[in-house]
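Student: This is a predicted model, with the sequence first.
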Amino acid sequence: MPKIAEIEDTPNPNAVKFLLKDRLSWGTAKNYSSPVEAAGDILAEKLFAIPHVCGVFYMDNWITVTQDGMASWAELARLVAQPIREAQAAEKPERAEIEQDDDPRLASIRKIIDERIRPTLVMDGGDLEIMTLCGNMLCIRYYGACGSCPSSQSGTLHAIENLVRTIEPEIEVIAV
């Protein structure tokens with residue numbers, strides 16, 4: 001049962017990040033934006049059963065819960081804390097899978113994003129996934145607090161594009 005070490009605000013006023021003393025996963029992110037998507041994930045199902053919860057994103061030892069903006073976080077955080085505390089801590093896997101990219105451009109982009117962008121997003125309760133690189137179009141998807149944060153669609157996206165253009169000057173980045 002994970003214990004909550006700290007509760008942090010995120011840049012998204014509708015999302016709060018819970019730092020845990022135990023892991024919910026080992027490097028595997030889980031992202032749900034509806035109860036239907038969460039089917040089969042006991043923790044996410046319990047969180048979506050709480051009124052106003054509209055998003056759940058977790059990995060490793062933290063979880064970000066997003067609400068619809070119609071509830072007070074002071075009240076909602078207490079309700080959300082209970083299923084988080086009741087969740088099963090994840091056991092360490094025997095070996096981690098290694099992600100490989102056939103496209104050297106994509107490997108370079110992934111590396112720079114992992115080093116320069118991802119730590120900031122994770123610190124703010126979110127993350128991103130590189131969906132595709134097709135020609136000079138890089139498609140990414142935001143998760144957690146970043147998924148519905150206004151700054152992710154403007155400032156953060158622009159910063160990612162500027163950084164990626166140090167590798168590939170013609171690349172355009174879009175959020176899907």
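Tutor: That came through fine. Numbers count the residues shown, from 1 in each chain.
Student: Only the buried residues of the host helix or strand of residue 132, if you could.
Tutor: Element membership for residue 132, per DSSP states H and E: strand 126-134. Burial within strand 126-134, assessed by neighbour count using 16 or more other Cβ atoms under 10 Å, is assigned to 126-128, 130, 133. Quick note: C-beta positions are derived from backbone N, CA and C, even for glycine.
Student: List the neighbouring strands of it plus their orientation.
Tutor: Strand 126-134 pairs in its sheet with strand 137-144 (antiparallel), by DSSP bridges.
Student: Report the inter-axis angle for the helix or strand following the partner strand versus strand 126-134.
Tutor: Where DSSP H and E defines the elements, the next helix or strand beyond strand 137-144 is helix 155-164. Counting by axes from the mean of the first three to the mean of the last three Cα atoms, to 10 degrees, helix 155-164 lies at 50 degrees to strand 126-134.
Student: Which strands and helices lie in contact with helix 155-164?
Tutor: Judged by 3 or more Cβ pairs under 8 Å, 6 or more residues apart in numbering; DSSP states H and E, helix 155-164 is in contact with helix 104-116, strand 172-175.
Student: Mean neighbour count added to these, as CSV?
Tutor: Below are the helices and strands packed on helix 155-164 laid out as CSV (neighbours: other Cβ atoms under 10 Å):
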stretch, mean neighbour count
helix 104-116, 14
strand 172-175, 16
